[in-house]
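Colleague: Sequence first, then the predicted structure:
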Amino acid sequence: MSKAASAAVSEARQWARLMEMAALGAIGGGHPDDRGVNRPCLSALDRQARRLLIGWAQAIGCSVSVDPAANLFIRREGSDPTLAPVLTGSHMDSQPQGGRFDGIWGVVAGLEALEALHDAGVATRRPVELVAWTNEEGGRFRPGCTGSMSWAGHTPPAAFAEILDPDGIRYGDALAEQLRLEADLPRRPLGAAAGFPRPHAFVEAHIEQGPLLEAEGMDIGVVSGIQGSRWFTVTLAGESAHAGTAPLRGRRDAVQDMVRAVTALNALTADPTDTLRFTVGRVEVAPNTSNSVANRVSFTIDLRHPDAATLRAKGDAIEATIRQAVTTCEVSLVENFHAMPVSFDPMVTDAVAQAVAAEGLRHRPIPSGAFHDAQFVVPVAPTGMIFVPSRRGISHNPAEYSSPAQLAAGARVLVRTLLALAA
């Protein structure tokens, strides 16, 4: 059965569907390999992509449902529908300057696996479900993974309602509009939070978003786990003044205090092993004019590490480090997001490794530096991930690229893994 299902994976069909998805929100350059996607979650483009997926799924007899977090589920029934399903999937939203493969390949690969099972005439004992999680990227509404966090009971959905996008639209309003426009789709309860049957297992297929597999000539990464992340927003409040007349000694310059704070944070997070990741990725300055002293600066911190104790200790030291470094400004700090490191379940990672071996592919165990929806499924069900190589490790960029052959190899590994877990 595994061999027949693997052979039924169509490289051409999967690639054509990815390119059809990539046309929804297409951006970027003249070369076909440098064209990206801007497809925000809970947008008209997102809804178009979902309807496209639904049409493909219904054509092979799958049923469709949506939960209160707008997570979209596609179900291929098993011979024993009372059993807990095996779940696969990823997300369909992108970064504002995103690539064509991040997230969406995991959804299209999941559909390709379902269609390969259908075409091969393979019946699984357990149902197999494909999920498209809502707002993984956080490109429109921060933080990301709001759909999977809501589903898993990590964070109550109401906690996200007041988040605003750059245009001032509330997450709660955008979610309500999405559900209203998908009122024709059957509703299901909100995952584990509502006592809905927990999946037997979850497998997420994804591009690596890093350079290791390509550099080592590997076909597949068997993902061992995901490093933890903590996100903060820091605001420094000073006083505006004239750049030509205000003496330096008396200024309350928010930009200069930000420089002091970031310098101190660089010292706090210095790591000779280059394992810890510290990033200031977004800075907002007011009044943001060339001849005025800044009276307000807001900047973000992205802190990541695979060891929970290190992540906790360094993150907990951030506020005190900033307060000690600044000289004139008032400090406020908000932690916007946290996800502790996770290790994946051997039941799933072993199934992936066995599928890779059956395909005769080169592989290695690999940790994930990026967070994924799989991180939040771990407490609910045995979880694992499959990585395929990314050209030069580029991601969140229109130049992001994995070849049709690499993606087809990943889909064949996925279908074998699902069959092993669902048989």
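Modeller: Received, thanks.
Colleague: Look up how far residue 290 lies from the residue lying farthest from the centre of the chain.
Modeller: Centroid-distance maximum for the chain: residue 245 at 48.3 Å, with Cα atoms, centre = their mean. As judged by Cβ to Cβ, to the nearest Å, residue 245 and residue 290 stand 15 Å apart. Using the backbone N, CA and C atoms, a C-beta is placed for each residue, glycine as well.
Colleague: Residue 318 now?
Modeller: 30 Å.
Colleague: neighbour-wise, which of these two wins?
Modeller: Neighbours per residue, other Cβ atoms under 10 Å: of residue 318 and residue 290, the larger number sits with residue 318, 22 against 5.
Colleague: Verify the contact between that one and residue 303 for me.
Modeller: Yes - counting by Cβ atoms under 8 Å, residue 318 touches residue 303, with 7.4 Å between them.
Colleague: any shared contact partners between those two?
Modeller: Common contact partners of residue 318 and residue 303 (Cβ atoms under 8 Å, 6 or more residues apart in numbering): residue 232.
Colleague: which of the residues in the one helix or strand residue 412 maps to are buried?
Modeller: Counting by DSSP states H and E, the element that carries residue 412 is helix 404-422. In terms of neighbour count (16 or more other Cβ atoms under 10 Å), helix 404-422 has its buried residues at 406-422.
Colleague: per-domain residue ranges of the chain.
Modeller: What automatic domain parsing lists as the domains of the chain is 2-227+341-422, 228-339.
Colleague: just the ones you listed: most buried one?
Modeller: Comparing the domains of the chain by mean neighbour count (mean count of other Cβ atoms under 10 Å), domain 2-227+341-422 ranks first with a mean of 20.
Colleague: quick check, distance from that domain to the centre of its chain.
Modeller: Mean C-alpha position of domain 2-227+341-422 versus that of the full chain (Cα atoms, centre = their mean, to the nearest Å) differs by 9 Å.
Colleague: Could I get the average pLDDT for it?
Modeller: The pLDDT scores in domain 2-227+341-422 average 95.
Colleague: end to end, how far does that domain reach?
Modeller: Start-to-end span of domain 2-227+341-422 (Cα to Cα, to the nearest Å) is 12 Å.
Colleague: Please apply the same query to stretch 359-369.
Modeller: End residues of stretch 359-369 are separated by 26 Å (Cα to Cα).
Colleague: Could you do stretch 324-344 as well?
Modeller: End-to-end distance for stretch 324-344, by Cα to Cα: 39 Å.
Colleague: Now do that stretch: distance to the chain's middle.
Modeller: Mean C-alpha position of stretch 324-344 versus that of the full chain (Cα atoms, centre = their mean) differs by 21 Å.
Colleague: same thing with stretch 260-271?
Modeller: So, by Cα atoms, centre = their mean, the centroid of stretch 260-271 is 27 Å from its chain's centroid.
Colleague: heads up, I number from 21, so please use that
Modeller: With 21 as the first residue, the last one maps to stretch 280-291.
Colleague: mean confidence for that stretch?
Modeller: The model assigns stretch 280-291 a mean pLDDT of 98.
Colleague: Run through who's touching that stretch.
Modeller: With Cβ under 8 Å, 6+ apart as the test, stretch 280-291 has contacts from 254, 256, 296, 298, 300, 319, 321, 323, 334, 337-338, 341-342, 344-347.
Colleague: ok, 7 Å please
Modeller: The contact list for stretch 280-291, computed with Cβ atoms under 7 Å, 6 or more residues apart in numbering, reads 254, 296, 298, 300, 334, 337-338, 341-342, 344-347.
Colleague: got a list of what residue 118 touches?
Modeller: Taking Cβ under 7 Å, 6+ apart as the criterion, residue 118 is in contact with 56, 57, 58, 416.
Colleague: Name the residues linked to it by a beta bridge.
Modeller: Beta-bridge pairing for residue 118 (DSSP bridges): residue 57.
Colleague: those helices in this structure, which residues are they?
Modeller: Using DSSP state H, the helices found in the chain span residues 22-27, 31-42, 64-79, 124-139, 166-172, 191-201, 232-235, 274-288, 328-336, 338-345, 366-379, 394-397, 424-442.
Colleague: got the angle between the longest one and helix 366-379?
Modeller: Comparing the axes of helix 424-442 and helix 366-379 via axes from the mean of the first three to the mean of the last three Cα atoms, to 10 degrees yields an angle of 130 degrees.
Colleague: Give the other helices and strands that helix 424-442 contacts.
Modeller: Using 3 or more Cβ pairs under 7 Å, 6 or more residues apart in numbering; DSSP states H and E, the elements in contact with helix 424-442 are helix 22-27, helix 31-42, strand 106-111, helix 124-139, strand 221-227, strand 240-246, helix 366-379, strand 403-408.
Colleague: again, only this time at 6 Å
Modeller: helix 22-27, helix 31-42, strand 106-111, helix 124-139, strand 221-227, helix 366-379, strand 403-408 (3 or more Cβ pairs under 6 Å, 6 or more residues apart in numbering; DSSP states H and E).
Colleague: same check, this time on the third one
Modeller: Contact partners of helix 64-79 among helices and strands, from 3+ Cβ pairs under 6 Å, 6+ apart: none.
Colleague: neighbouring contacts of stretch 159-167?
Modeller: Outside stretch 159-167, the residues that touch it by Cβ atoms under 6 Å, 6 or more residues apart in numbering are 60-61, 89, 91, 115-116, 153-158, 180, 183, 185, 191, 356-357, 393, 396.
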